[in-house]
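Visitor: Give me the fold of what follows.
(one chain, ligands or ions: 1)
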Amino acid sequence: MERFSGLSLLRHALGGHQGWKPFWREPEPKAEYDAVIVGGGGHGMGAAYYLAKEHGLRNIAVLDKGWLGGGNTGRNTTIIRSNYLFPESAALYDHALKIWETLSQDLNYNTMFSPRGVLMLAHTVHDVQVFKRHVFANQAAGVDNEWLTAEECKAYCPALNISQNIRYPVVGGALQRRGGTARHDAVVWGYARGADAMGVDIIQNCAVTGIRRDASGAVEGVETERGFIRTKKVGVSAAGNTSVVMSMAGLRMPLESFPLQALVSEPVKPDFPCVVMSNTIHAYISQSDKGEMVIGAGTDAYTSYTQRGGLHIAGHTLDAICELVPMYRRLRMLRNWGGIVDTTPDRSPIISKTPVKGLYVNCGWGTGGFKATPGSAHLFAHTIAKDEPHPINAPFSLDRFVTGNFIDEAAAAAVAH
Ligand SMILES: Cc1cc2nc3c(=O)[nH]c(=O)nc-3n(C[C@H](O)[C@H](O)[C@H](O)COP(=O)(O)OP(=O)(O)OC[C@H]3O[C@@H](n4cnc5c(N)ncnc54)[C@H](O)[C@@H]3O)c2cc1C
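Guide: Model (predicted):
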């Protein structure tokens, strides 16, 4: 694998940029692998990378029905933070945040991680109580999070309107300074490049259409659009399509899939120094390196597999944003798109073994799994390789929906991203 550096960039520039090689091969699927990952998003691709790097499995395939990162990984608004309420969640998301901090160096690929701070606005007395509870819980658990007054929010993000005469006045905010954003598809490309170099086969345009089980019920292989592939271990990381894929093995998942949408504006000069989120009005904003304002809206109210959200949802979000940041009234929106997010009843993810021997699942990240990508991939690889969960993901098992040991972040905060 070519090592990227200033020097290699210069060498390619001198050669007129004609010498760049593809980042990964386009192999034909083999008849058999030691492990197959279904889904080439950040979570699946990352899991293959860590299986190869940390667990010595090299005979692995990642199968995707489309192109790498064409699912939610390439559709999200890239907010990264770890200030969740419960100790289990804070540990999980902080595990990811710590990996983000050195991921570009680890992959030798710029994931453009930008810890510019994530400011979560409070608009009501209830918000204030909930966010302060988060701040105290996080500080006790060693995760950074701090409370800001409305004036301090304005000092941190000068574009904010903190007038108290608007529909959703800013009455304070919780700030995680280590939070921020990263470049969504760079993450999956970086993992793909690293995994390919260790021998992982990346097979795009290859939908899994069935999961075959042997007489004992264990996984025997996967049926795909390009034929049957034998394997004893299948890791499913298919985000919005998890229920569909898992039903191929006869498992019914505790998931609902909803469309979630985002928008970007025309590019403007840098004027928004951080990420701002508002759960109450369900809007979140950051500025991309190109200058576009990246805006996320809420989920549609109904389940669907359409990668497109309702216009009224985007309208509601933009109304609220125009009040919060009045100068954006003059911005034109360039485009919007949607993804399908799979949500669990307690709004916490599942990284788990399943009742089917050899079948593992990583799903239920809902509207907020991008931030977890490296941590989730790392833990999923451990779970697949060792056939048992890592202590950090042990609480996020599938059987918590049988035992009742929920990690109810939804009830705790109605937190979106
Ligand atoms: C609009 C939007 C905004 C979001 N904003 C944020 C945010 O700001 N912060 C945050 O943390 N999270 C956010 N999320 C959530 C985040 O994007 C997801 O949780 C995360 O990217 C999921 O990654 P993944 O690798 O699990 O899934 P994906 O990237 O969706 O990958 C799953 C892959 O599985 C493949 N697949 C499905 N079925 C099959 C099959 N039968 N055979 C083969 N392959 C299959 C798909 O093609 C896809 O490439 C947002 C999501 C959306 C849609």
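Visitor: contacts and neighbour counts: CA atoms only from here.
Guide: Fine.
Visitor: What is the burial count for Met1?
Guide: As a burial measure, Met1 scores 11 neighbours (other Cα atoms under 10 Å).
Visitor: And the nearest residue to it once chain neighbours are set aside, how close does it get to the ligand?
Guide: Beyond its immediate neighbours in the sequence, the residue positioned closest to Met1 (Cα to Cα, 6 or more residues apart in numbering) is Ala197, lying 5.9 Å away. Going from Ala197 to the ligand by Cα to the nearest ligand atom, to the nearest Å gives 20 Å.
Visitor: Now do the contacts for the residue most central in space within the chain.
Guide: By Cα atoms, centre = their mean, the chain has its centre lying nearest to Phe370, at 1.5 Å. Contacts for Phe370 (Cα atoms under 8 Å, 6 or more residues apart in numbering) come out as 42, 73, 76, 78-80, 184.
Visitor: With Asn108 instead?
Guide: 3-4, 190.
Visitor: if we go to 10 Å?
Guide: Residues touching Asn108, when contacts are defined by Cα atoms under 10 Å, 6 or more residues apart in numbering, comprise 2-5, 102, 190-191, 193-194.
Visitor: Out of those residues, the closest to the ligand would be?
Guide: If you rank the contacts of Asn108 by distance to the ligand using Cα to the nearest ligand atom, Tyr191 comes first, at 11.3 Å.
Visitor: Need the pLDDT of that closest one.
Guide: We note a pLDDT of 98 for Tyr191 in this prediction.
Visitor: Return the residues of the stretch 51-200 of the chain in contact with the ligand.
Guide: Applying Cα under 6 Å from any ligand atom, one finds that the stretch 51-200 of the chain approaches the ligand through 63-66, 68-73, 75-80.
Visitor: does Phe258 count as helix, strand or coil?
Guide: Local secondary structure at Phe258 is given as strand here, using DSSP: H, G, I helix; E, B strand; the rest coil.
Visitor: wait, it sits on Trp365?
Guide: No - Phe258 is beyond contact range of Trp365, at 11.8 Å (criterion: Cα atoms under 10 Å).
Visitor: Including pLDDT and neighbour count, could the contacts of Phe370 go into CSV?
Guide: Compiled in CSV, the contacts of Phe370 are given as follows (pLDDT from 0 to 100; neighbours: other Cα atoms under 10 Å):
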residue, pLDDT, neighbour count
Gly42, 98, 32
Thr73, 97, 25
Asn76, 96, 25
Thr78, 97, 24
Ile79, 97, 27
Ile80, 98, 31
His184, 96, 24
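Visitor: Low-confidence stretches in this structure?
Guide: Residues of the chain that meet the criterion pLDDT under 70 lie in 411-417.
Visitor: For Pro22, grab the count of nearby residues.
Guide: Counted with other Cα under 10 Å, residues neighbouring Pro22 total 8.
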